[in-house]
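A.B. asks: Give me a model of this one.
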Amino acid sequence: MTNRVIVGSIGGAFGVQGEVRLKSFCADPQAIADYAPLYTEDGNAFAQLVLTGQLKNGFTARIDGIVSKEDADLLRNVDLYADRTVMPSLPDDEYYYADLIGITVVDTGGATLGTVKNVMDHGAGDLLEIIVSGQSETTLLPFTKAAVPTVDLTAQRIVADPPEGLFPDATA
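C.D. replies: Residues are numbered from 1 along each chain as shown. Model (predicted):
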């Protein structure tokens, strides 16, 4: 497990004063400002983030140290992470995506199907991107109660009951 959780993404500049367009991945979208300091994947830290307005798919925001359009443009498509310690705890059937990355996926008989590479949300429901040993392409598994009846973070194991044919070599 990682010590940081992705909480949002910067879409680029908004105006010429250094404001950015911000998409929040938080259950309460405005709470992203409460989780500062926020970090980029390469380790840059922003001590403060202030939401300044609302857009159709997010917010406008000021981030400390970002004072020009050029500064803001350099952050286009940069993900923001918060320390896990400042994040709220979740109910038993909810998970931070970061907790699922790297977990082994087995079928209901205990045979290994692969490892979680990524969790994707395309609006119609979450998908687990699974790295399958010996295959160059990943497999997308619907992250539903039917397809994934058990997630055991302590054991670092997911039990999956995938739709027929999704893992053709699993029964071989």
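A.B. asks: alpha carbons only for contacts and neighbour counts from here, please
C.D. replies: OK.
A.B. asks: other SSEs contacting the helix-or-strand element of the chain with minimal mean pLDDT?
C.D. replies: When the helices and strands of the chain are scored by mean pLDDT, DSSP states H and E, helix 97-100 comes last with a mean of 84. Under the contact criterion of 3 or more C-alpha pairs under 8 Å, 6 or more residues apart in numbering; DSSP states H and E, helix 97-100 touches strand 4-14, strand 112-121.
A.B. asks: Send over the following helix or strand past it as PDB, restricted to the C-alpha atoms.
C.D. replies: Proceeding N to C from helix 97-100, the next assigned helix or strand is strand 104-107, under DSSP states H and E. Provided in PDB are the C-alpha atoms of strand 104-107 (Å, rounded to 0.1, in the frame of the first residue of the first chain):
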ATOM      1  CA  THR A 104      -3.200 -10.500  -6.500                       C
ATOM      2  CA  VAL A 105      -6.500 -11.600  -8.200                       C
ATOM      3  CA  VAL A 106      -7.600 -15.200  -7.900                       C
ATOM      4  CA  ASP A 107     -10.600 -17.000  -9.100                       C
END
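A.B. asks: What mean pLDDT does strand 104-107 get?
C.D. replies: Summarised as a single mean, pLDDT over strand 104-107 is 94.
A.B. asks: Okay, buried residues for it please.
C.D. replies: Within strand 104-107, the residues that count as buried by 16 or more other C-alpha atoms under 10 Å are 104-107.
A.B. asks: Can you tell me the closest non-neighbouring residue to V151?
C.D. replies: I158 (4.6 Å; C-alpha to C-alpha, 6 or more residues apart in numbering).
A.B. asks: That neighbour: which element?
C.D. replies: Per DSSP H and E: strand 157-160 holds I158.
A.B. asks: ok now that strand, how far from the chain's centre?
C.D. replies: Relative to its chain's centre, strand 157-160 lies at 19 Å (C-alpha atoms, centre = their mean, to the nearest Å).
A.B. asks: Return the list of helices and strands in contact with that strand.
C.D. replies: Taking 3+ C-alpha pairs under 8 Å, 6+ apart as the contact cut, strand 157-160 packs with strand 104-107, strand 150-152.
A.B. asks: and with 10 Å instead?
C.D. replies: When contacts are defined as 3 or more C-alpha pairs under 10 Å, 6 or more residues apart in numbering; DSSP states H and E, strand 157-160 packs onto strand 104-107, strand 112-121, strand 150-152.
A.B. asks: Report the contact partners of the most centrally placed residue in the chain.
C.D. replies: Of all residues in the chain, the one closest to the mean position by C-alpha atoms, centre = their mean is Y97, 4.7 Å from it. Shown in contact with Y97 (C-alpha atoms under 10 Å, 6 or more residues apart in numbering): 5-6, 118-120, 126, 128.
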